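1. Sequence unavailable; structure follows:
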């Protein structure tokens with residue numbers, strides 16, 4: 001086989017592997033998040049457990065199917081954007097442009113959703129006197145929490161903090 005043909009087969013194999021249904025990877029580690037600020041605002045990515053969305057479990061089986069999520073996607077996005085905000089000088093900036101990415105289980109029951117990754121942006125710049133608030137975590141169990149890593153572009157500092165059903169806000173002091 002010629003070198004070009006081998007490279008072609010290798011590329012096809014890589015593409016098939018990348019786009020097959022058997023590929024299992026998470027967009028974000030479960031119960032983790034990032035909040036990255038630049039001059040245009042703060043980019044938020046959260047991987048939330050299904051228990052944060054108990055109100056959307058229509059058949060009360062304590063699980064969310066892809067069908068349940070798709071049928072209620074607009075309501076879920078409204079719930080999220082109304083539940084997460086940054087506060088600075090008594091002004092609230094809510095999450096905008098939110099998108100959902102349901103993450104399937106890696107177990108045999110591949111239809112069960114374990115996490116929902118939320119992606120959105122705060123249209124406000126970083127200020128040392130800001131705080132993040134959420135009511136998304138009210139229904140988490142006692143052992144569940146959300147660890148968020150925050151960075152600011154142009155700064156070498158990084159803050160890591162944990163939110164749960166009791167501590168659902170964090171202030172970014174110096």
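-> Nice, thanks for sending it over. Keep in mind it's a predicted model, so treat the numbers as computed, not measured.

2. In the chain, what residue spans correspond to strands?
-> Secondary structure of the chain (DSSP state E): strands located at 32-38, 41-49, 64-65, 84-88, 91-94, 96-104, 112-122, 131-134, 146-152, 158-163, 169-171.

3. which outside residues touch the first one?
-> Surrounding strand 32-38, the residues in contact under the criterion CB atoms under 8 Å, 6 or more residues apart in numbering are 28, 42-47, 125-126, 132, 146-153. The C-beta positions use only the backbone N, C-alpha and C, and glycine is treated the same way.

4. Likewise for the third one?
-> Contacts to strand 64-65, defined as CB under 8 Å, 6+ apart, come from residues 50, 53, 56, 57, 102, 111, 112, 113, 116.

5. which one of those residues is nearest residue 70?
-> Of all the contacts of strand 64-65, residue 70 sits closest to residue 102, with 8.7 Å by CB to CB.

6. What about the closest one, how many residues nearby?
-> Here the number of neighbours of residue 102 (other CB atoms under 10 Å) works out to 18.

7. tell me the most buried of the strands of the chain?
-> Mean neighbours per residue, mean count of other CB atoms under 10 Å, is largest over the strands of the chain for strand 41-49, with a mean of 21.

8. hang on, residue 68 packs against residue 56?
-> Yes - when contacts are counted by CB atoms under 8 Å, residue 68 is listed as touching residue 56 (6.4 Å).

9. ok, back up a step: where among the strands of the chain is the average confidence lowest?
-> The weakest mean pLDDT among the strands of the chain belongs to strand 64-65, with a mean of 82.

10. Show me what it pairs with in its sheet, parallel or antiparallel.
-> Within its sheet, strand 64-65 is paired with strand 112-122 (antiparallel), according to DSSP bridges.

11. What pLDDT does the model give residue 16?
-> On the pLDDT scale, residue 16 is placed at 50.

12. Taking the centroid of this structure, which residue is nearest it?
-> Geometric centre of the chain, nearest residue: residue 46, 2.4 Å, by CA atoms, centre = their mean.

13. Contacts only, for residue 147.
-> By CB under 8 Å, 6+ apart, the contact set of residue 147 is 31, 32, 33, 160, 161, 162.

14. let's go with 6 Å and repeat that
-> Contact partners of residue 147, counting by CB atoms under 6 Å, 6 or more residues apart in numbering, are 32, 162.

15. repeat for residue 72
-> When contacts are counted by CB under 6 Å, 6+ apart, residue 72 touches residue 56.

16. Since that was my last question, I'll sign off now.
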